[in-house]
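Asker: below is the sequence, then the predicted model.
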Amino acid sequence: MRRQTGHGTKGTREYDWAWLDVRPDDAPDENHYEKEPGTSALVARRHYTGEVSYFRCWAPGDVSLGTLVEVICRRWRIEETFQLAKGFTGLDQGQVTCWNSWMRWSLFSLIAAAVLALTATAVHDAAEDQPALVPLSCPQA
């Protein structure tokens, strides 16, 4: 089935999606979730260039291909947000030479990310009271 999965810089992203049922007992033994009843599937995504990507999916109940496609496409938003947060907080700038310095740098970056998220939420809530303001995007903020 062909589905539009979002908007990119070059227009809409459309892929062909296919679903193949997979038996739950073909999973490694250490994966105890596969032993429970549910839907186990292999989802293939083909771009118009011919590039094919595969996703192994499992859901605790019955699920449609459309639902799996929505969940798979959330990965892009999560990765973009993670990269943006790393740049804002300086997590990608640290040079680590030992465990203690890595732990301090990571903790400091995570605290900075939390402060930025809370500040952005507070500013967004305050901006809702003033409808005349133009909303800012993340890079502009």
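Answerer: Okay, I see it. These numbers come from a predicted model, not from an experiment. Numbering: from 1, shown residues only.
Asker: quick one: the helices in this structure, in order.
Answerer: Along the chain, counting by DSSP state H, helices occupy 65-89, 99-127.
Asker: format the ones you listed as TSV; extra columns: mean neighbour count and mean pLDDT.
Answerer: For the C-beta atoms, the positions are set from N, CA and C on the backbone; glycine is no exception. Formatted as TSV, the helices of the chain follow (neighbours: other CB atoms under 10 Å; pLDDT from 0 to 100):
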stretch	mean neighbour count	mean pLDDT
helix 65-89	13	82
helix 99-127	12	81
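Asker: of all those, which lies closest to residue 8?
Answerer: Nearest of the helices of the chain to residue 8, taken as CB to CB: helix 65-89 at 9.1 Å.
Asker: orientation of the longest strand seen in the chain relative to helix 65-89 in degrees?
Answerer: Criterion DSSP state E: the longest strand present in the chain is strand 11-21. Interaxial angle, strand 11-21 versus helix 65-89 (axes from the mean of the first three to the mean of the last three CA atoms, to 10 degrees): 130 degrees.
Asker: quick check: residue 123 vs residue 116, distance?
Answerer: Per CB to CB, to the nearest Å, residue 123 is found 10 Å from residue 116.
Asker: how about residue 42?
Answerer: 38 Å.
Asker: ditto for residue 92
Answerer: Residue 92 is 15 Å from residue 116, where distance means CB to CB.
Asker: and if you look at residue 64?
Answerer: 37 Å.
Asker: sorry, back to before: what packs against the longest strand of the chain?
Answerer: On a contact count with 3 or more CB pairs under 8 Å, 6 or more residues apart in numbering; DSSP states H and E, strand 11-21 meets strand 2-8, strand 39-46, helix 65-89.
Asker: tell me how this structure divides into domains.
Answerer: Residue ranges for each domain of the chain read 1-82, 90-131, as given by automatic domain parsing.
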